[in-house]
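> I need the structure of the sequence given here:
(2 chains)
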Amino acid sequence: AQTVTQSQPEMSVQEAETVTLSCTYDTSESNYYLFWYKQPPSRQMILVIRQEAYKQQNATENRFSVNFQKAAKSFSLKISDSQLGDTAMYFCAFVNSGGGADGLTFGKGTHLIIQP
Amino acid sequence: NAGVTQTPKFRILKIGQSMTLQCTQDMNHNYMYWYRQDPGMGLKLIYYSVGAGITDKGEVPNGYNVSRSTTEDFPLRLELAAPSQTSVYFCASRLWGSGISPLHFGNGTRLTVT
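Here you go, the predicted model:
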């Protein structure tokens, strides 16, 4: 079974700073997908970014980027120029590429607080 | 295009009562899922379905039942509510195809069992 570990239960940074959230995973598969989801206080789950394991290039979406280290099974999320609206729970998630019908496996989340 | 719609948003149940959490999607997604979210525990998969008439257990199915009579609807049934089922429940869907499409989530149902 796959596992996803987020070792930082909570982080706090000042507005405009850069912050990195860590995520490690465990799998025996060679091809899979990784995601970061954001959950603001509204409870809505919002896709932030995704990475396909066979792509070596790190995914980027505006101020959000990942550092994907396949050999180390690490998938960290970097938020640049952090904004107050980035305050949320962030979940790392994993799914095998073989259909993934059984759903994503989620980490326990990191509560990110952006201070004014 | 409403996406994934869950009802109700909030519910309080007494121990032993039953209820159905409704979930419908209008994106013609074939895969649908039910997750529960407990504080500090992330999301855990309860049940999933790959199409109408097909359902399967996830990681934490005990105490729940599902059905999938149409592509659009995937209700979750709690037969005898217990305090351990106090949680936030999310329904999600995605389209099967080449590659992996992301999950689309509903806005969740907060359930309290007392």
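> what about residue A:13, distance to residue A:114?
6 Å (Cβ to Cβ, to the nearest Å). No exception for glycine: its C-beta is placed from N, CA and C like everyone else's.
> quick one: mean pLDDT for stretch B:94-113?
On average, the pLDDT along stretch B:94-113 is 85.
> now that stretch: buried residues?
B:94, B:100-109, B:111, B:113 (16 or more other Cβ atoms under 10 Å in any protein chain shown).
> what about the residue nearest the centre of chain A, which helix or strand?
Centroid-nearest residue in chain A, with Cα atoms, centre = their mean: residue A:36, separated by 3.2 Å. Assigned by DSSP states H and E, residue A:36 belongs to strand A:32-39.
> direction included, what does that strand pair up with?
strand A:46-52 (antiparallel), strand A:88-96 (antiparallel) (DSSP bridges).
> would you turn the ones you listed into CSV with mean pLDDT and mean neighbour count?
Formatted as CSV, the strands paired with strand A:32-39 follow (pLDDT from 0 to 100; neighbours: other Cβ atoms under 10 Å in any protein chain shown):
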stretch, mean pLDDT, mean neighbour count
strand A:46-52, 94, 17
strand A:88-96, 93, 23
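> same list (those strands) but as JSON lines, adding distance to residue A:3.
Formatted as JSON lines, these follow (distance: least, Cβ to Cβ, whole Å):
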{"stretch": "strand A:46-52", "distance to residue A:3": "18"}
{"stretch": "strand A:88-96", "distance to residue A:3": "8"}
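> what's the closest of those to residue A:68?
strand A:46-52 (5.1 Å; Cβ to Cβ).
> ok, now which ones touch the residue nearest the centre of chain B?
Per Cα atoms, centre = their mean, the C-alpha nearest to the average position across chain B is that of residue B:34, at 2.8 Å. By Cβ atoms under 8 Å, 6 or more residues apart in numbering or on different chains, the contact list for residue B:34 reads B:21, B:23, B:45-48, B:58, B:64, B:66, B:74, B:76, B:89-92.
> burial measure for residue A:116, as a count.
5 (other Cβ atoms under 10 Å in any protein chain shown).
> typo on my end, it should be residue A:35
23.
> just to check, it is in contact with residue A:52?
No - using Cβ atoms under 8 Å, residue A:35 is not in contact with residue A:52; the gap is 10.5 Å.
> beta partners for the residue nearest to the centre of chain B?
Assigned bridge partners for residue B:34, using DSSP bridges, are residue B:47, residue B:91.
> near chain A, which residues of chain B show up?
B:31, B:33, B:35, B:40-45, B:48, B:50, B:56, B:58, B:88, B:90, B:92, B:96, B:99-100, B:102-103, B:105, B:107-108, B:110 (Cβ under 8 Å from any Cβ of the partner chain).
> measure residue A:92 to residue A:113 for me?
18 Å.
> make that residue A:107, sorry
18 Å.
> nearest to residue A:27, of the buried residues of stretch B:94-113?
For the buried residues of stretch B:94-113, the nearest to residue A:27 is residue B:100 (14.2 Å; Cβ to Cβ).
> for residue B:100, what are its contacts?
Neighbour list for residue B:100: A:33, A:50, A:52, A:95, A:97, A:100, B:94 [criterion: Cβ under 8 Å, 6+ apart].
> give me the spatial nearest neighbour of the third one, chain neighbours excluded.
In this case it means residue A:52. Nearest residue to residue A:52, sequence neighbours excluded (Cβ to Cβ, 6 or more residues apart in numbering or on different chains): residue A:33, at 5.6 Å.
> right, I'll leave it there.
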